[in-house]
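A.B. asks: I need the structure of the sequence given here:
(one chain, ligands or ions: 1)
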Amino acid sequence: MKVSDALNSRKTIRAFKADPISQEVLTDILETASRTASGGNLQPWHVHVLGPNDVQKLVDKVAAQLPETPMGQGAEYDIYPRKLKDPYKSRRFDIGERMYATLGIPREDKAARLMWFANNFRFFGAPNAFIFSIDRQMCEGQWSDLGMFIQSIMLLAREYGLDTCPQEAWAIWQGTIREMFEIPEDRIVFCAMGIGYRDDEAVVNSLDSPRAPLEEWASFSGF
Ligand SMILES: Cc1cc2nc3c(=O)[nH]c(=O)nc-3n(C[C@H](O)[C@H](O)[C@H](O)COP(=O)(O)O)c2cc1C
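C.D. replies: Residues are numbered from 1 along each chain as shown. Take a look at the predicted model:
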């Protein structure tokens, strides 16, 4: 598979088949992803890999807590800037509207939207998952390295016919995650990611996210 094929075929999948992925395949993906570049070769990523049993345990644990604490323990970092400005704010709004239009859930139906959102906390049916964390000491540069590592995993997954769903939503359950998987206090839980085979029958997976034209975010000089 060409890198461009992996990039062009990757998209966020929000409905997976139940078929589990072997520990060997997930290990292969991670070992190759560790070739990701990082400033000073710090390799500041940490990943905890969940088999189907632990995916289920985490999903059950959160489901039991959801009614009392719908916002979990809260993320330990700002998932978005507090006053997100344009064009970013509009892009965020737009993808949300596109997703709910694909699902046929109208704007007024807040309950249905919330119910759909809760699928995040079932990993959208993915049989396996990763939890990504990073040492609290790290700053912007290393968070960017972690992001590149995550992207490597998403692209490598395509080579195996697998798909992924990166999920910052899980950051709000960092307390539960930390306790269950013994993530030390000196690390921040950044996000999780469901991985598995995409369910092509699920309408939500037909969502294609747009991109801003290159002129909006690239500039050239000196050619
Ligand atoms: C770090 C990160 C966290 C994300 N968190 C969530 C999430 O919690 N729930 C979700 O449904 N999508 C999540 N997404 C998916 C984005 O909404 C998606 O990448 C974006 O809309 C572009 O669509 P595409 O990935 O299909 O190209 C996340 C993506 C990234 C990179």
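A.B. asks: alpha carbons only for contacts and neighbour counts from here, please
C.D. replies: Will do.
A.B. asks: Quick one: name the residues of this structure near the ligand.
C.D. replies: 11-12, 95, 120, 166-169, 209 (CA under 6 Å from any ligand atom).
A.B. asks: Which ones among the residues you listed map onto strands?
C.D. replies: Using DSSP state E, the subset of the residues of the chain next to the ligand located in strands is 166-167.
A.B. asks: so which of the residues of the chain next to the ligand is the most crowded?
C.D. replies: Neighbour counts for the residues of the chain next to the ligand (other CA atoms under 10 Å) peak at Pro166, which has 24 neighbours.
A.B. asks: Go ahead and confirm it touches Arg14.
C.D. replies: No - using CA atoms under 8 Å, Pro166 is not in contact with Arg14; the gap is 9.8 Å.
A.B. asks: So which elements touch the lengthiest strand in the chain?
C.D. replies: Identified as the longest strand of the chain according to DSSP E is strand 187-196. Helices and strands touching strand 187-196, by 3 or more CA pairs under 8 Å, 6 or more residues apart in numbering; DSSP states H and E, are strand 128-135, strand 163-167.
A.B. asks: what's the first one in contact with?
C.D. replies: Applying CA atoms under 8 Å, 6 or more residues apart in numbering, the contact partners of strand 128-135 are 20-21, 44-52, 55, 123, 143, 146, 186-196.
A.B. asks: Just the buried ones out of the residues you listed, please.
C.D. replies: 21, 44-47, 49-52, 55, 123, 143, 146, 187-196 (16 or more other CA atoms under 10 Å).
A.B. asks: Tell me how many other residues surround Ala75.
C.D. replies: Ala75, neighbours per other CA under 10 Å, totals 20.
A.B. asks: which ones are touching it?
C.D. replies: Per CA under 8 Å, 6+ apart, neighbours of Ala75: 171-174.
A.B. asks: And stretch 108-123, what's buried?
C.D. replies: Applying 16+ other CA under 10 Å to stretch 108-123 flags 118, 120-123 as buried.
A.B. asks: And those residues, which two are furthest apart?
C.D. replies: Using CA to CA, the buried residues of stretch 108-123 span at most 9.3 Å, a distance reached by Ala118 and Phe123.
A.B. asks: And the buried residues of stretch 108-123, which is closest to the ligand?
C.D. replies: Asn120 (6.0 Å; CA to the nearest ligand atom).
A.B. asks: Dump the buried residues of stretch 108-123 into a markdown table; add pLDDT and distance to Lys83 as well.
C.D. replies: Compiled in a markdown table, the buried residues of stretch 108-123 are given as follows (pLDDT from 0 to 100; distance: CA to CA, whole Å):
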| residue | pLDDT | distance to Lys83 |
| --- | --- | --- |
| Ala118 | 95 | 24 |
| Asn120 | 98 | 24 |
| Phe121 | 98 | 26 |
| Arg122 | 98 | 29 |
| Phe123 | 98 | 28 |
